[in-house]
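1. Got a predicted structure here, sequence first:
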Amino acid sequence: MDLHVDLESLAEGLTLPASWYTDPAVLRLEHERIFRRTWQYAGHTGQVAERGDYFTCRAGDVPVVVVRDREQSVRAFANVCRHRAHEVARGAGRRETLQCPYHAWTYGLDGSLRKAPRSDREPGFDRSAFSLAPVRVETWGPFVFVNADPEAGPLADALAELPALLAGGGVDVAALRFHSRAPTELDANWKVACENYLECYHCAVAHPAFSAQIDVSPDAYRLEESETFWSQYAALRDGGKPSYDARGEVERGQFHLLWPNVKLNVVPGRPNVSIGPVLPVSPERSSGFLDYFFADDADDAWIEDVLAFDDQVGREDKGLVESVQRGLASGAVERGRLLLNSEHLIHGFQRRVAETLL
Ligand code: FES
Ligand SMILES: [Fe+2]
């Protein structure tokens, strides 16, 4: 396949070719070069609070199971049976062992193969050679990340200044408590969803309630590029029309995209974080979720208002990205044109995608 794009044309503001958003060969390459090598938000520590607790997730196309083992450490494995590759664990729960539902091979919480029915009839069968493949797992406060690349650098390198930015913005992540998970399904390539997230040029047009509360004018709404993530900082609009009460320790909103696909949001008000991935399902479909966390001083009514505010923005964005996907798939326009003073974070993201794939 011809995956050519010259970086100079990207620097001039041209977008990635439309075919990169529909071609299965591009997605295969993205899995191999991007998703299997980056830190992926998987879930929260409350899901593995007790010995034997486990939950399943994905690092791109790699099924993963995260467990709390007998020694009370959090571990992760490829959730792929060493027999014939059925997924071993399903959903979430608490178990002494993980048993594959296909032929009942049974693994310890340390990933070692404990039982394989009828394997005693196989001369030379060496159980110790068939442990679940380990996957890297690390935590930041209540957030659990996995990485399918055994050679990957530590999570802290990927997060870089993010923990300090949150702390400086009034959010102590260690004091946050998980509240709920909001799932999303999009008929759009994962990059369309990330790019939509990386600019607020569309906010005044497409998010009236958000823009009534947040100052989305280009001089007030700041965009910043770091090595491993892209950030937007938002202040409240003077005399704005609030959808929720934004008074509190957190004065400004922070919206970060951690390379390649993890969104991390803080809205003004009481300490809060929502975090989650956009995961490709197919070239033209993605799924994702946001896990919401709040500090103890956030009461239920306030939380409901924030969730409603966010849900409104999410529904508006779903309409936008699905329309973009139809346009990209139409073949009518091969390359779009970014405004580099308002959409430079998208340019940075696309350049990174191109440099990683080519
Ligand atoms: S595939 Fe898991 S036991 Fe056969
Ligand atoms: Fe949006």
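-> Nice, thanks for sending it over. Ligands and ions are numbered 1, 2, ... in the order given.
2. how far does the longest helix seen in the chain sit from the chain's center?
-> The longest helix of the chain (DSSP state H) is helix 300-329. Using C-alpha atoms, centre = their mean, to the nearest Å, the mean C-alpha position of helix 300-329 is found 16 Å from that of the whole chain.
3. buried residues in that helix?
-> Counting neighbours by 16 or more other C-beta atoms under 10 Å, one finds that the buried residues in helix 300-329 are 302-303, 305-307, 309-310, 313, 316-318, 320-322, 324-325, 328-329. Placement of C-beta: from N, CA and C, glycine included.
4. cool, stretch 117-133 as well?
-> Along stretch 117-133, these residues count as buried under the neighbour rule (16+ other C-beta under 10 Å): 130-132.
5. quick one on the thing from earlier: ok, and which of the buried residues of helix 300-329 reach ligand 1?
-> If you filter those for contact with ligand 1, counting by C-beta under 6 Å from any ligand atom, you are left with nothing.
6. Please list all residues in contact with R222.
-> The neighbourhood of R222, defined by C-beta atoms under 8 Å, 6 or more residues apart in numbering, consists of 232-234.
7. Please name the bridge partners of it.
-> Listed by DSSP bridges, the beta-bridge partners for R222 are Y233.
8. list the contacts for S231?
-> 165, 223-225, 254-256.
9. Could you tell me which of the residues you listed count as buried?
-> Buried subset of the contacts of S231 (neighbour count, 16+ other C-beta under 10 Å): 165, 223, 254-256.
10. Tell me which of those fall in strands.
-> Here DSSP state E is the test, and the buried ones among the contacts of S231 give 223, 254-256 as lying in strands.
11. Include pLDDT when you put those residues into CSV, please.
-> Compiled in CSV, these are given as follows (pLDDT from 0 to 100):
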residue, pLDDT
L223, 97
Q254, 98
F255, 98
H256, 98
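12. Closest one to A25 out of the contacts of R222, please.
-> Closest to A25 out of these is Q232 (32.0 Å), distances taken as C-beta to C-beta.
13. what's the distance between the residue nearest to the spatial centre of the chain and ligand 1?
-> Nearest to the mean C-alpha position of the chain, by C-alpha atoms, centre = their mean, lies P277 at 1.7 Å. Distance of P277 to ligand 1, given as C-beta to the nearest ligand atom, to the nearest Å: 27 Å.
14. residues touching the residue nearest to E195 when sequence neighbours are not counted, list them.
-> Using C-beta to C-beta, 6 or more residues apart in numbering and skipping residues adjacent in sequence, the residue nearest E195 is I346, 4.8 Å away. Applying C-beta under 8 Å, 6+ apart, we find I346 in contact with 15, 195, 198-199, 338.
15. for T56, same thing?
-> By C-beta under 8 Å, 6+ apart, T56 lies in contact with 63-66, 79, 87, 89-92.
16. Turn those into a markdown table, including neighbour count and distance to ligand 1.
-> Compiled in a markdown table, the contacts of T56 are given as follows (neighbours: other C-beta atoms under 10 Å; distance: C-beta to the nearest ligand atom, whole Å):
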| residue | neighbour count | distance to ligand 1 |
| --- | --- | --- |
| P63 | 18 | 13 |
| V64 | 26 | 16 |
| V65 | 26 | 13 |
| V66 | 26 | 19 |
| N79 | 24 | 11 |
| E87 | 15 | 9 |
| A89 | 24 | 11 |
| R90 | 12 | 12 |
| G91 | 7 | 17 |
| A92 | 15 | 19 |
